[in-house]
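One predicted model, sequence on top.
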Amino acid sequence: MEEKLAIVDSKQYGPPVSQDDPGFGTKTADNLPGTVYIPETGYINDARLSTQNVQKACEARGGEFLYNTEVTDVLKKDGCADGVKLKDGTKIHAPIVVNVACPHWYQINEMADVIGGMNINTRPLRVEVSHVPSPEGFDYNNLGIMMTDGDVGNYSRPEVGNNVLIGSEEPDCDDLDWVDDPDNYNQNLTDQWSLQVMRQAQRIKGLPVPQSQRQGLASLYDCSDDWIPIYDKSDLPGFYMAIGTSGNQYKNAPAVGIMMAQLITKCEAGCDHDKEPVSYEMEFTKRQCNIGFYSRLRKINKDSSFSVVG
Ligand SMILES: Cc1cc2nc3c(=O)[nH]c(=O)nc-3n(C[C@H](O)[C@H](O)[C@H](O)COP(=O)(O)OP(=O)(O)OC[C@H]3O[C@@H](n4cnc5c(N)ncnc54)[C@H](O)[C@@H]3O)c2cc1C
């Protein structure tokens, strides 16, 4: 670790504890038992630009986008999905509808009347992301790396402006902030911000904790019961869902698009995915992907991390 990141503190501090625990910030062993370094890993530092790139690629293949409008109903005909109705009354007819509304998925599934046919639920979870300056004199932008660190209970990565971006890995000692209404939640930074930064300061020597200048954001994960997404059909023919991304899956989006296309094509050709799950060969790894793994009907997957790690 020290070879890869000169300012790292390689002591063991975990398992994570709450801020009022007397052991908070105290080492539990002189060294971590080990770490895994993945040279191929990386991160996207401009989510908006990367999303726009996907939009442009989609438009180049004939896709169309409609902005600043709201789906208010899912149309049905002869017991099948038949498109959507918009807030201004416009109806868009289509034989296939895919719910990708994430924290708002429930409202859309309710419109389609398919909530009853699901074993796995998802709920909006309010989370905070902290941005703090790099330790003084260190070029974190170029020398920092993406770290997922169960020992301090955080993930972190370099952020533009020589900052460190820090999020929580939801350690067992923390209470989670579940939200009932995705249109109404506290968007301000709270003590969770400081907790995350102080936990990270265990791992990065000299990390500032600028309490009076908190920077970052608060937003919602669309979090499933087992923190694994739902990529599936529904009980309404023609209505599909790609939801429950649980704070990860951003970079998976293009691959998930391919997977959903495979699922939809096979189901529309008559395959009963609930009984005989669709699988397909992934383009680069040549391994089989069993899409049934993401079924809305699955039992809670006890092997999950039950955190943003997925
Ligand atoms: C704070 C935070 C940090 C994250 N960090 C990471 C990370 O480091 N790595 C990672 O891989 N993932 C991360 N994620 C998760 C990632 O952002 C999501 O997996 C991803 O955005 C899901 O994309 P999506 O298009 O499926 O849904 P979303 O991005 O949620 O988009 C859903 C869209 O549907 C729209 N919508 C909702 N209801 C309606 C309606 N009735 N009519 C019309 N439109 C509607 C919404 O306005 C929204 O634009 C993070 C998430 C959060 C909140």
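Nice, I can see it.

what number of residues lie near Gln200?
Using other CB atoms under 10 Å, Gln200 has 25 neighbouring residues. For every residue, glycine as well, the C-beta is placed using N, CA and C.

near the ligand, which residues of the protein show up?
Neighbours of the ligand within the chain, by CB under 6 Å from any ligand atom: 70-71, 100-104, 108, 127, 129, 219-221, 245, 247-251.

Report the buried members of these.
Among the residues of the chain next to the ligand, those classed as buried by 16 or more other CB atoms under 10 Å are 71, 100-104, 108, 127, 129, 220-221, 245, 247-249.

In this structure, where's the longest strand?
strand 122-133 (DSSP state E).

Output the contacting helices and strands for it.
Packing contacts for strand 122-133, counted by 3 or more CB pairs under 8 Å, 6 or more residues apart in numbering; DSSP states H and E, involve strand 163-168, strand 177-178, helix 191-203, strand 215-224.

Which strands border it, and is each parallel or antiparallel?
Using DSSP bridges, the strands paired with strand 122-133 are strand 163-168 (antiparallel), strand 177-178 (antiparallel), strand 215-224 (antiparallel).

could you point out which element follows that strand?
Once strand 122-133 ends, the next helix or strand along the chain (criterion: DSSP states H and E) is helix 140-143.

How far off centre is the helix or strand just after that next one?
Per DSSP H and E, the first helix or strand lying C-terminal to helix 140-143 is strand 147-149. Offset of strand 147-149 from its chain centre (CA atoms, centre = their mean, to the nearest Å): 16 Å.

which outside residues touch strand 147-149?
For strand 147-149, the surrounding residues in contact (CB atoms under 8 Å, 6 or more residues apart in numbering) are Asn154, Tyr155, Ser156, Arg157, Glu169, Arg203, Val309.

Just the ones of the buried ones among the residues of the chain next to the ligand in helices?
Members of these lying in helices (criterion: DSSP state H): Ile108.

Among the buried ones among the residues of the chain next to the ligand, give me the pair with the biggest separation.
Val71 and Val129 (27.9 Å; CB to CB).

Break down the stretch 201-310 of the chain into its helices, ranges please.
For the stretch 201-310 of the chain, applying DSSP state H, counting those that start in this stretch gives helices covering 253-268.

wait, Cys271 sits on Val278?
Yes: Cys271 is within contact range of Val278, at 5.9 Å (criterion: CB atoms under 8 Å).

quick revisit: residues of the longest strand of the chain that come out buried?
So for strand 122-133, counting by 16+ other CB under 10 Å, buried means Thr122, Arg123, Pro124, Leu125, Arg126, Val127, Glu128, Val129, Ser130, His131, Val132, Pro133.

That one to helix 191-203, inter-axis angle?
Relative orientation of strand 122-133 versus helix 191-203 (axes from the mean of the first three to the mean of the last three CA atoms, to 10 degrees): 60 degrees.

now strand 122-133, how far from the chain's geometric center?
Taking the mean of its C-alpha atoms, strand 122-133 sits 11 Å from the chain's own mean (CA atoms, centre = their mean).

where are the low-confidence patches of the stretch 51-200 of the chain?
Judged against pLDDT under 70, the stretch 51-200 of the chain has no low-scoring part.

Run a quick neighbour tally on Asn109.
24.

Return the residues in contact with it.
Residues in contact with Asn109 (CB under 8 Å, 6+ apart) are Asn99, Ile115, Met118, Ser234, Met241.
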